[in-house]
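[1] Sequence and predicted structure are below.
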Amino acid sequence: MEETTARVPLSCPACSPAAETVHEVLSEGGHATVRCIECGHVHKEELPETRTVERKVVVSQEGESFTDSVEIPLEETLAVGEEFLLETDEAILTVRITSLELDAGRAEEATPEDVRTVWGRVVGNVSVNITAHPKSGAHDETRSFTLQLPGDYEFAVGQREELGGEEFTVEGIYIRRDATAHEHDKLDHAGDSAVAKDIKRLYVRDESTSAWSAW
């Protein structure tokens, strides 16, 4: 459900008065200003009404969830991994679809008419779970912590970070199931990268001087 320049089928008085061609909507309201993709002719037309359907959406955020509703254009196709803006009374949230509930079960992709509930999670700001082991490599001395970060903050394997009072080098990145841009669920080669909203867990080497002072 990404926002793009609207395109509509309309007849063009310059090149196709008897048949519809694809037009780009330049401005809306009253009679919209449109441009024919075929010949570039700009003219004004009354746009066909966009049909929408209202669907329930269940959104998770920091371990809690809430229910709202969203209007979806009928011509769209919904898919796990897509993101959309949800306007609530408190804020406008960026939500990623994690599951689509149909009458017959769950689906990775479906039309709005077939969907009964859209399940999603907030990805504008996210929690990243981190498992750190000491420089010595002793895995029985690992510790875990969580960082709150913008969803688009990028981590890369081999990269050293200083965040939230922690210093560490990224060694492995585990990817969330709904992060459809990634082919693998684990990244561990130097330079492999992912943004915070795609990350299920980071495995890192602790570079802080105080974290392991007790040892």
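    Received it, and whenever you're ready, just let me know what you need.
[2] Now Ser208: closest residue in space, sequence neighbours ignored.
    Leaving aside its chain neighbours, Ser208 sits nearest to Glu167 (4.5 Å; criterion: CB to CB, 6 or more residues apart in numbering). To be clear about C-beta, it is placed using only N, CA and C from the backbone, and glycine gets the same treatment.
[3] who's in contact with the one you found?
    Contacts for Glu167 were tallied using CB atoms under 8 Å, 6 or more residues apart in numbering; they are Arg160, Glu161, Asp206, Glu207, Ser208.
[4] my read is the second one is in a strand, agree?
    Meaning Glu161. Yes. Assignment of Glu161 by DSSP: H, G, I helix; E, B strand; the rest coil places it within a strand.
[5] Tell me how far the nearest residue to it once chain neighbours are set aside lies from Cys39.
    Once flanking residues are discounted, Glu161 sits nearest to Phe168: 5.8 Å by CB to CB, 6+ apart. To Cys39, Phe168 is 58 Å away according to CB to CB, to the nearest Å.
[6] what about the two, which has more around it?
    Each of Phe168 and Cys39 has its neighbours counted (other CB atoms under 10 Å); Phe168 has more, 22 against 11.
[7] so where's the protein uncertain?
    Along the chain, segments meeting pLDDT under 70 span 1-5, 137-140, 209-215.
[8] quick one: Lys197 is in a strand?
    No. Under three-state DSSP, Lys197 sits outside any strand and is assigned helix.
[9] okay but it is in contact with Gly120, surely?
    No. Between Lys197 and Gly120 there is no contact under CB atoms under 8 Å: 11.7 Å.
[10] Those two: which is more packed in?
    More crowded of Lys197 and Gly120, by other CB under 10 Å: Gly120, with 26 against 23.
[11] Quick check: the more buried one touching Ile97?
    Yes. At 5.1 Å, Gly120 and Ile97 qualify as touching, with contact defined as CB under 8 Å.
[12] quick one, domains of this protein?
    Following the assignment in automatic domain parsing, the chain carries domains at 7-45, 52-122, 125-206.
[13] For the second one, measure first residue to last.
    The reference is to domain 52-122. Length of domain 52-122, first residue to last, CA to CA, to the nearest Å: 23 Å.
[14] Please apply the same query to the first one.
    Taking CA to CA as the measure, domain 7-45 stretches 13 Å from start to finish.
[15] is Leu85 in a bridge, and if so with what?
    When bridges are called by DSSP bridges, Leu85 pairs up with Thr94.
[16] How about the contacts made by it?
    By CB under 8 Å, 6+ apart, Leu85 lies in contact with Ile92, Leu93, Thr94, Val95.
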